[in-house]
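J.: got a predicted structure here, sequence first:
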Amino acid sequence: MTESYSPLLAQLIDAFKCLPGVGQKSAQRMAFNLLQRNREGARKLAERLALAVDNIGNCERCRMLTEDPVCGFCLSSRRDDAILCVVETPADLLAIEQASVYRGRYFVLMGHLSPIDGIGPTELGLDLLEQRLGNSDIEELVLATGVTVEGDATAHLLAQIAQRHGVRASRIAYGVPVGGELEFTDSGTLSRAFTGRLSLESSKEELGA
Ligand SMILES: [Zn+2]
């Protein structure tokens, strides 16, 4: 670090660089802004961040982020147990909730298959998903992974798992742009994608390939 920064300032700027898309310039801007204009906000941020990091874990049923053992989506009695929607991230789950088209349960992979980054079935919690498919009345698995190469590969594997457990699989597709991450898809489009989800029954040979 240059000699123009005090060690504490340099460390703060460095810490901001752990945020996605934040380089030296943005990190400096955030650090200066908080110290010059918003010390109260900075203190609150530090406290909330520490609380969240210490207390938030994963729901033991669906892997959603929560400070409770089981999250509100799993505990709610107003949801349909026969249908389970698999998403890549908590942000995807919230995007689907905001579209208000789906009232079943969720399973959050916390990523997608990516062998190059060492992300395989274990990292995605697929053993937990299999347990769930084996011990419940789930009739349909909705594969709402991204419409990307990795999202498709993940959906392919999930469809094979569903087939093994005799559960019908469907894939959202219609309206979601190719290369699209769910999180950034608008509610209207997501809503149509759910209503028009495609059954994967007819493409079993392709799935087995
Ligand atoms: Zn849950």
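T.: Looks like it arrived, so ask away.
J.: just the C-alpha atoms of stretch 36-44, please, in CSV.
T.: Extracted C-alpha coordinates of stretch 36-44, given in CSV (Å, rounded to 0.1, in the frame of the first residue of the first chain):
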residue,chain,number,x,y,z
GLN,A,36,-16.4,11.6,6.0
ARG,A,37,-20.1,11.7,5.8
ASN,A,38,-21.8,8.7,7.4
ARG,A,39,-20.0,7.3,10.5
GLU,A,40,-23.4,6.3,12.0
GLY,A,41,-24.3,4.3,8.9
ALA,A,42,-20.8,2.8,8.9
ARG,A,43,-21.2,1.6,12.6
LYS,A,44,-24.6,0.1,11.8
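J.: ok, for Ile161, nearest residue in space, not its chain neighbours?
T.: The spatially closest residue to Ile161, leaving aside those adjacent along the chain, is Glu130, at 6.2 Å (CB to CB, 6 or more residues apart in numbering). In this view, the C-beta of every residue, glycine as well, is placed from N, C-alpha and C.
J.: now for the one you found, how many residues are close by?
T.: Counted with other CB atoms under 10 Å, the neighbours of Glu130 add up to 15.
J.: cool, the one 5 residues further on as well?
T.: For Asn135, the neighbour count with other CB under 10 Å is 8.
J.: how close does it get to the ion?
T.: 15 Å (CB to the ion, to the nearest Å).
J.: return the distance of that residue relative to Arg61.
T.: 11 Å (CB to CB, to the nearest Å).
J.: same check on Gln24?
T.: Counting by CB to CB, the gap from Gln24 to Arg61 is 41 Å.
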